Structures are given as structure tokens and as C-alpha cells.
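**Q** Pasted the sequence and its predicted model underneath.
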Amino acid sequence: MNWKLFWYGCSWFAIAQSITWFTSNMQILYPWLKTPKGIGLMVIASMPATVFYVIGTRDLYEATSALWSVRLLGFSMGVLTFTVWTYFILKEGITMKTAISLLLSVAIVLIQVFWKTK
């Protein structure tokens, strides 16, 4: 595995997932973002996320040679970034159910990284 590309890919996904979190959830803190103008602003602000998803997919696929690995790593990065932003920005605590789900996300990453199939 190309570790440099792996970490780059995970970083691009984390950035993209963070943009996605903010453009989807800031309407909770700022109700004016629910207006047509606010939605338009969030659509424009979310466009860079697509670029980061594309670059992250490229790097992770080159690192792992499996699109399933890319998908599962992207899912796990999404869960982890969602947890961080929701905890720190919205002040939502982590329940036992959420903690177990987070552990499963980490397990998915570890399986994709260390379980060799070829």
C-alpha cells in the first residue's frame, strides 16, 4: 500500500466531509440559511467538496487498488468528521449507541488498511 497516497486520500475525504457537514447543518444554528438565498449560498459553498471527493477517490484508489476500500474508507471518514463537528459545534454528546458505531467505523478503517486480499 502506498501510505502517502492513503493519508492524502483520507485527508481529502475529511476536508470534503467537513464542507458537507457545514453546508448541510449550519441551518440549525443560522435559520436564515433555510431561505432560498441561504440554500443558494450553501450550494455554492459545497462545490469545492466535489473536487476534494474526486481527488480523495483518486488517491485512495491508487493506494488500495479497490473501489470498495475507497467507499468504506470514505464512509468511515464521514462518520468520524460528523462526530467531531457535531460534538464541538452543536454540543451533542456521544451516547453508548454512537460510541459503538464510532468503534465500528474505526474497525472498518482498520480492516481496509490491514486485511490483505491479494
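**A** On my side now, so go ahead.
**Q** Report the buried residues of the strand or helix carrying Val51.
**A** In the assignment (DSSP states H and E), Val51 maps to helix 36-64. Across helix 36-64, burial judged by 16 or more other Cβ atoms under 10 Å covers 42, 49, 52-53, 55-57, 59-60, 62-64. Placement of C-beta: from N, CA and C, glycine included.
**Q** What are the contacting residues of the lowest-mean-pLDDT helix or strand in the chain?
**A** None of the helices or strands of the chain scores lower by mean pLDDT, DSSP states H and E than helix 96-114, at a mean of 88. For helix 96-114, contacts defined as Cβ atoms under 8 Å, 6 or more residues apart in numbering pick out 1, 6, 64, 69, 72-73, 75-76, 79-80, 83, 94.
**Q** ranking these by neighbours, who comes first?
**A** Leu73 (25 neighbours; other Cβ atoms under 10 Å).
**Q** how much space between it and Thr64?
**A** 8 Å (Cβ to Cβ, to the nearest Å).
**Q** do the same with Lys4
**A** 13 Å.
**Q** May I have the predicted confidence score for the residue most central in space within the chain?
**A** For the chain, Gly78 is the residue whose C-alpha lies nearest the centre (Cα atoms, centre = their mean; 2.7 Å). Per-residue pLDDT puts Gly78 at 91.
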